[in-house]
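Q: sequence and computational prediction follow.
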Amino acid sequence: MRTARSRVSGSNFLGAATTTSSWCVHDLHQPQDGSGWGAHTFDTLAAQAAAHVPGVVMRESLSLYREPPGEPAWTVAVGKVRPAGTHELPPGYPYGLRYAVPLAEMPRYLPWLDARFRNLGGRVVLRALRSLDEVGDGADVVINCAGLGAGELVDDPSVYPVRGQILRVSNPGLTMSVRDEGHPDGRAYVHPRSDDCIVGGTLDEGQWDTTVDPAVGAAILARCADLVPALRDARVLGHAVGLRPGRPAVRLEESARLRSGARVVHNYGHGGSGITLCWGCAREVTALVG
């Protein structure tokens, strides 16, 4: 099958290469059931971690709660989930869940993905596009993964930015990811990496500003220190701001053919759930094309 030799470039959250992404369905805001996408992605990343793919590990994790969490829907895909013991909880948290999920360290994982793509015969061409018709000639199928750029590229007014700010700090010896999606001061998560930690973050819907706000950064670090008190003495190594491609629901479907006759399959609008849904969505796209 021949495919277009141009790639529609979308908005990569935080430039992607600066951060770490953990499989987590807390970010899902989909009216349809995306659990199948998430479960397949979990299994694929877990297999890659077992195969020692660069940057992919199974990370012990702790989700914190102020009220009994019950059995969240995402636990079906994760497998073994257990209540956290009292000795595993930071001050102020009466409840927690322990489990392991895949974590991808993007500065190491993205080069591996790029090399795999090229070794399979892929070629990357960077260019600005005003329309998908510009890449239709000579292609059987065009797959639109333009992210935030899809709003303008295919005239989809439902696409919106979700601003995110994070910090990169020194690692005081952490090996476990910790998160509190219900922190009263805002979202809080801590992801240890090889040489540092990513702490975040914000979900500012409709905000296009990518300027780092020092006050927001200080607030993020303060609430993450509630989760992991050892971070109170962590050294700030850098800040980053990026835009997630928000949409009321992921658009994964085939639409009208281009002027050239090439088929079009759309796959964008994943918000903050890119690493949670990526391989599952890719499998469905492949099924649509096939």
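A: Arrived safely, thanks for sending.
Q: all strands of this protein, in order?
A: 20-22, 56-65, 82-83, 95-105, 141-144, 160-169, 177-180, 188-192, 197-200, 204-205, 236-246, 251-255, 263-268 (DSSP state E).
Q: out of those strands, the one nearest Asn119 is which?
A: With Cβ to Cβ, the closest approach to Asn119 among the strands of the chain belongs to strand 56-65: 17.7 Å. (Glycine included, C-beta is placed from N, CA and C.)
Q: given that closest one, what are its sheet partners and their directions?
A: Here strand 56-65 has these sheet partners by DSSP bridges: strand 95-105 (antiparallel), strand 177-180 (parallel).
Q: tell me the angle the first one makes with strand 188-192.
A: Using axes from the mean of the first three to the mean of the last three Cα atoms, to 10 degrees, the interaxial angle of strand 95-105 with respect to strand 188-192 works out to 50 degrees.
Q: related to what we said a few turns ago, Throw the strands paired with strand 56-65 into JSON lines and include distance to Cys281 and mean neighbour count, thanks.
A: Below are the strands paired with strand 56-65 laid out as JSON lines (distance: least, Cβ to Cβ, whole Å; neighbours: other Cβ atoms under 10 Å):
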{"stretch": "strand 95-105", "distance to Cys281": "15", "mean neighbour count": "21"}
{"stretch": "strand 177-180", "distance to Cys281": "23", "mean neighbour count": "24"}
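Q: possible to save those strands as a markdown table with distance to Thr286?
A: Formatted as a markdown table, the strands paired with strand 56-65 follow (distance: least, Cβ to Cβ, whole Å):
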| stretch | distance to Thr286 |
| --- | --- |
| strand 95-105 | 20 |
| strand 177-180 | 30 |
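Q: which one of those lies nearest to Arg66?
A: strand 95-105 (7.1 Å).
Q: pLDDT of that closest one, averaged?
A: What strand 95-105 shows for mean pLDDT is 95.
Q: show me how far it is from its chain's centre.
A: 14 Å (Cα atoms, centre = their mean, to the nearest Å).
Q: cool, and stretch 280-290?
A: On Cα atoms, centre = their mean, the centre of stretch 280-290 falls 19 Å from the chain's centre.
Q: list the buried residues of that stretch.
A: 280-282, 284-285, 288 (16 or more other Cβ atoms under 10 Å).
Q: does Pro90 really touch Tyr65, like I thought?
A: No. If you go by Cβ atoms under 8 Å, Pro90 and Tyr65 don't touch, sitting 12.0 Å apart.
Q: overlap in contacts, the two.
A: Here Pro90 and Tyr65 share no contacting residue, scored by Cβ atoms under 8 Å, 6 or more residues apart in numbering.
Q: so where's this structure shaky on pLDDT?
A: 1-20, 25-35 (pLDDT under 70).
Q: what residues are up against the residue nearest to Leu252 when sequence neighbours are not counted?
A: Closest residue to Leu252 apart from its sequence neighbours, by Cβ to Cβ, 6 or more residues apart in numbering: Asn267 at 5.2 Å. Asn267 makes contacts with 143-145, 250-252, 281-282, 285, as judged by Cβ under 8 Å, 6+ apart.
Q: what about the helices in this structure?
A: 35-50, 75-78, 106-119, 150-153, 214-227, 274-289 (DSSP state H).
Q: is it possible to export these to JSON lines including distance to Val135?
A: As requested, the helices of the chain are arranged in JSON lines below (distance: least, Cβ to Cβ, whole Å):
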{"stretch": "helix 35-50", "distance to Val135": "25"}
{"stretch": "helix 75-78", "distance to Val135": "35"}
{"stretch": "helix 106-119", "distance to Val135": "17"}
{"stretch": "helix 150-153", "distance to Val135": "11"}
{"stretch": "helix 214-227", "distance to Val135": "38"}
{"stretch": "helix 274-289", "distance to Val135": "15"}
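Q: between these, which gets nearest to Tyr99?
A: Proximity to Tyr99, assessed across the helices of the chain by Cβ to Cβ, is greatest for helix 75-78 (5.0 Å).
Q: check which helices and strands that closest one sits against.
A: helix 35-50, strand 95-105 (3 or more Cβ pairs under 8 Å, 6 or more residues apart in numbering; DSSP states H and E).
Q: that older thread, between the strands paired with strand 56-65, which gets nearest to His191?
A: Across the strands paired with strand 56-65, closest to His191 is strand 177-180 (Cβ to Cβ), at 5.0 Å.
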